[in-house]
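>>> test case, fold it:
(2 chains)
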Protein chains: 2
Amino acid sequence: MALGARPDGVRRHNRSTLLRRLHTLGAGSRTELAAELGLNRSTIKALVDGLAAAGLVTERAVAPNGTAGRPSLLVSPRPESLCVLAVDVAVERITVALVGFGGRILVGRHRPVQRGDTEPTVVIERVAAVAEALSLGGLRPAEVAVSVPGIVRRADGLVHEAPNLRWTEVPLGTLLGEALDLPVAVGNDADLGALAEHRRGAARGVGDVVYLSADIGVGGGVITGGLPLRGSTGHVGEVGHMVLRPGGRLCYCGCRGCWETEVGEQALSRALGLPADASRRRLVAELRTIAEKQDTMHGRLDEYAGWLGVGVVNLVNLLAPELVVLGGLLAALPPDLLAGVEARARDRSLVGRAAARSVRIRPAELGGQASLLGAAELAFERVIAAS
Amino acid sequence: MALGARPDGVRRHNRSTLLRRLHTLGAGSRTELAAELGLNRSTIKALVDGLAAAGLVTERAVAPNGTAGRPSLLVSPRPESLCVLAVDVAVERITVALVGFGGRILVGRHRPVQRGDTEPTVVIERVAAVAEALSLGGLRPAEVAVSVPGIVRRADGLVHEAPNLRWTEVPLGTLLGEALDLPVAVGNDADLGALAEHRRGAARGVGDVVYLSADIGVGGGVITGGLPLRGSTGHVGEVGHMVLRPGGRLCYCGCRGCWETEVGEQALSRALGLPADASRRRLVAELRTIAEKQDTMHGRLDEYAGWLGVGVVNLVNLLAPELVVLGGLLAALPPDLLAGVEARARDRSLVGRAAARSVRIRPAELGGQASLLGAAELAFERVIAAS
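Okay, here's the model as predicted:
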């Protein structure tokens, strides 16, 4: 239930709203900002003056758009004025970056990880070392957020299970918070990928989005009505473990026929006739070759595309997205395969047929940085809410 | 993106919040209301005085709870002061009721419908006739909301597809609005059932809920973080058409192996060995007999329970509910069958295992009135937001 509002909360709410607007969409004139926030000119002026005094924005005059009159003042976020530390813990590499107000990566590093070398203590040491190196330039992050390929309890950053890292019940938020002496938030990689693609990638401005990402596992993130679907605990979105083929292949989760067993990295290798230990680079190269030859539909990927389609139809029926964004390995699938899955999602789903608008399927735009940038967004949400 | 707030909106926001509180939870003392809304005593007094002057609430002194001091003033909603017309269009009957402020049915009627006799014009005429009869007592509804077993566009109440009514692209909101000369909202029956069970039934106070209801079809409604999951268009939740058995039974939607074909009314009849045209009454009687004999697990319902479990596991992985509420025919399933599905949902879902709290499965509490009461809630949301 919504709480009562008090007049003394209004100014703070408006300040956060303005910070969020500048962070997400970048610079805007005072006139634009006043219109977008539904506030009058004097209120906007007071808010902007406050942000300028705190060093968070700069203002400069720009010539008005071919019209006579006073030049408008363009308000821009100052990237270095406020930054967060974003961390992406993946199976094969750890990426750490300082991301500035406005969403740009100010400085970043990534380190390869040997498979199996993902002990929590090792990961935490490496992140702390890189964070210290990055901070040498004088930038001090206000918050930290970490992306992890696992099931995370949002409240305290406990990683319940991250099968491909072989983590169970790792209190990552607490441990990393102690190591860095900063507040740390932890999120699921696909949830954060969805957030980043929604704010800054293929799903900008789209209200209802399903983001699917396949690497070793298959994860999903959902945006609904413009907001991330998280549930009370943040466990939402284990799409890879939707059972689609009862009695099918055994999944590590203990079920048979999980979607992941038909559309994850191993399934893709199998479909392409590659050896089980083929590198991701080889897999992607093979997909590019197929795309260039445009032979998908007659080829080896028919059955794979069929299973991808079944799962997408289910998600369209359940969640009615306008857009399905495919990330990770799925972003490399040939365009005509995606077109086939899109046609199926439109024709075979009740919701796809009924909705006046047709569901679209598009590859992700942020590539390997989606989860990292999503972690930065998670950290900025907390910074802005607290500011 | 959130808009800016203005001080003149604060009073209105607080008034709506208080109306919503009284409507959903019933009477409360001024002290309780002030604490719940986070407002001081003078602000609450001004708000309550305003509602009392408008005739929406009554106040009476109650003896304080065993303590000395001034008696507290108990603020109660006046049911007749504000009412809405709720309509539930089902395949076998149309129910119409006037529901008062606070959520109680003031007066209601239902009429059986012959299968096939669900032409939109006939339905609208009947609803209008009953509405007129109900209003003879002098109660005038402020808004109307209708529950329909189909895919609905929330914005204007267009029913895209309601297969069991044989409706396609019926502008029910517009047509009924003209017939009644009142604003009409339309919602999906399972979405509204979820809303009602969340506000007034088995899911009171639970933040993340999946409501499943089987009759001829199988529908679902989702509550996440305490709010209905609707997406931008209101098409969310066609769980019955999750394909779980590729190559399985043909569904009217054109796919094979939809969940509905394994757990809907027909599937239940089949599992029980009843003729395909067995009445719902007979079906429910048969389920009661099984429950009394407690022979489910050795019996005819094993395979049925298996398919119910597969779908529930998928939904738990996708949406991480704390509680799954089973409505319609599913509410009549034997308790030990539900216990088996619950155990499966806990053991077989990644999310179920990972979440510290275990998912529970419970029968609905509002029985055949869930969708009707949910429609009333939908109408009240609009009344309160506009008041």
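>>> so which residues on the stretch 51-200 of chain A come close to chain B?
Applying CB under 8 Å from any CB of the partner chain, we find that the stretch 51-200 of chain A lies next to chain B at A:151, A:153, A:160, A:161. Every residue, glycine included, has its C-beta placed from N, CA and C.
>>> try it again with 6 Å
For the stretch 51-200 of chain A, the contact set with chain B under CB under 6 Å from any CB of the partner chain comprises A:151, A:160, A:161.
>>> where does the last one fall, secondary structure wise?
Per DSSP states H and E: residue A:161 is located in strand A:158-162.
>>> downstream of that strand, the next helix or strand is which one?
By DSSP H and E, the next helix or strand past strand A:158-162 is strand A:167-170.
>>> now that following strand, how far from the centre of its chain.
22 Å (CA atoms, centre = their mean, to the nearest Å).
>>> for the closest residue to residue A:266 other than its chain neighbours, which three-state class applies?
Nearest residue to residue A:266, sequence neighbours excluded (CB to CB, 6 or more residues apart in numbering or on different chains): residue A:276, at 6.6 Å. Secondary structure for residue A:276, judged by DSSP: H, G, I helix; E, B strand; the rest coil, is coil.
>>> per-residue pLDDT of residue A:276, please?
Residue A:276 is assigned 83 on the pLDDT scale.
>>> count the residues that sit near it.
For residue A:276, the count of nearby residues is 8 (other CB atoms under 10 Å in any protein chain shown).
>>> from residue A:268, how far off is it?
Distance of residue A:276 to residue A:268, computed by CB to CB, to the nearest Å: 11 Å.
>>> doesn't residue A:260 make contact with residue A:240?
Yes - assessed by CB atoms under 6 Å, residue A:240 is found in contact with residue A:260 at 3.6 Å.
>>> next, show the common contact partners of these two.
A:217, A:218 (CB atoms under 6 Å, 6 or more residues apart in numbering or on different chains).
>>> which residues touch residue A:250?
Contacts of residue A:250 (CB under 6 Å, 6+ apart): residue A:256.
>>> okay, and the beta partners of it?
residue A:256 (DSSP bridges).
>>> closest one of the residues of the stretch 51-200 of chain A next to chain B to residue A:230?
residue A:151 (12.5 Å; CB to CB).
>>> count of residues packed around that closest one?
So residue A:151, with other CB under 10 Å, has 27 neighbours.
>>> partner residues bridging it?
Under the criterion used (DSSP bridges), residue A:151 bridges to residue A:161.
>>> that one reaches residue A:162, doesn't it?
No - with contact defined as CB under 6 Å, residue A:151 does not reach residue A:162; the gap is 7.4 Å.
>>> which parts of the stretch 201-350 of chain A sit against chain B?
Checking the stretch 201-350 of chain A against chain B by CB under 6 Å from any CB, the hits are A:207-208, A:224-225, A:231-232, A:235-236, A:238, A:241-243, A:246, A:253, A:255, A:310, A:314, A:317, A:319-320, A:348, A:350.
>>> just the buried subset of those, please.
Among these, those scoring as buried are A:207-208, A:224, A:231-232, A:235-236, A:238, A:241-243, A:246, A:253, A:255, A:310, A:314, A:317, A:319-320, A:348, A:350 (criterion: 16 or more other CB atoms under 10 Å in any protein chain shown).
>>> flag the shaky bits of the stretch 201-350 of chain A, pLDDT-wise.
By pLDDT under 70, the low-scoring segments of the stretch 201-350 of chain A are A:232, A:234, A:294-298.
>>> quick one: the strands in it, in order.
For the stretch 201-350 of chain A, the strands defined by DSSP state E, counting those that start in this stretch occupy A:209-214, A:218-224, A:227-228, A:323-328.
>>> nearest to residue B:203, out of these?
Closest among the strands of the stretch 201-350 of chain A, using CB to CB: strand A:218-224, at 19.2 Å.
>>> using PDB, list the CA coordinates for the closest one.
The C-alpha trace of strand A:218-224 is given here as PDB (Å, rounded to 0.1, in the frame of the first residue of the first chain):
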ATOM      1  CA  VAL A 218      20.300 -19.400 -20.200                       C
ATOM      2  CA  GLY A 219      19.000 -16.500 -18.200                       C
ATOM      3  CA  GLY A 220      16.200 -14.100 -18.600                       C
ATOM      4  CA  GLY A 221      15.200 -10.600 -17.300                       C
ATOM      5  CA  VAL A 222      11.800  -9.000 -17.600                       C
ATOM      6  CA  ILE A 223      10.800  -5.400 -17.900                       C
ATOM      7  CA  THR A 224       7.100  -4.800 -17.500                       C
END
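>>> tell me the angle that strand makes with strand A:209-214.
Per axes from the mean of the first three to the mean of the last three CA atoms, to 10 degrees, the angle that strand A:218-224 makes with strand A:209-214 is 170 degrees.
>>> for strand A:218-224, packing partners?
helix A:189-200, strand A:209-214 (3 or more CB pairs under 6 Å, 6 or more residues apart in numbering or on different chains; DSSP states H and E).
>>> so how far does stretch A:315-330 reach from one end to the other?
End-to-end span of stretch A:315-330 (CA to CA, to the nearest Å): 16 Å.
>>> identify the bridge partners of residue A:185.
Bridge pairing for residue A:185 - DSSP bridges - gives residue A:145.
>>> can you verify my assumption that it contacts residue A:380?
No - assessed by CB under 6 Å, residue A:185 is found out of contact with residue A:380, at 10.4 Å.
>>> most centrally placed residue in chain A?
Residue closest to the average C-alpha location in chain A (CA atoms, centre = their mean): residue A:193, at 1.9 Å.
>>> spatially nearest residue to that one (excluding sequence neighbours)?
In space, residue A:193 is closest to residue A:370, 3.8 Å off (CB to CB, 6+ apart).
>>> mind checking pLDDT for whichever residue of the stretch 51-200 of chain A sits closest to chain B?
Per CB to the nearest CB, residue A:160 is where the stretch 51-200 of chain A lies closest to chain B, at 3.5 Å. Residue A:160 is assigned 89 on the pLDDT scale.
>>> was I right about it contacting residue A:148?
No - using CB under 6 Å, residue A:160 makes no contact with residue A:148, being 10.3 Å away.
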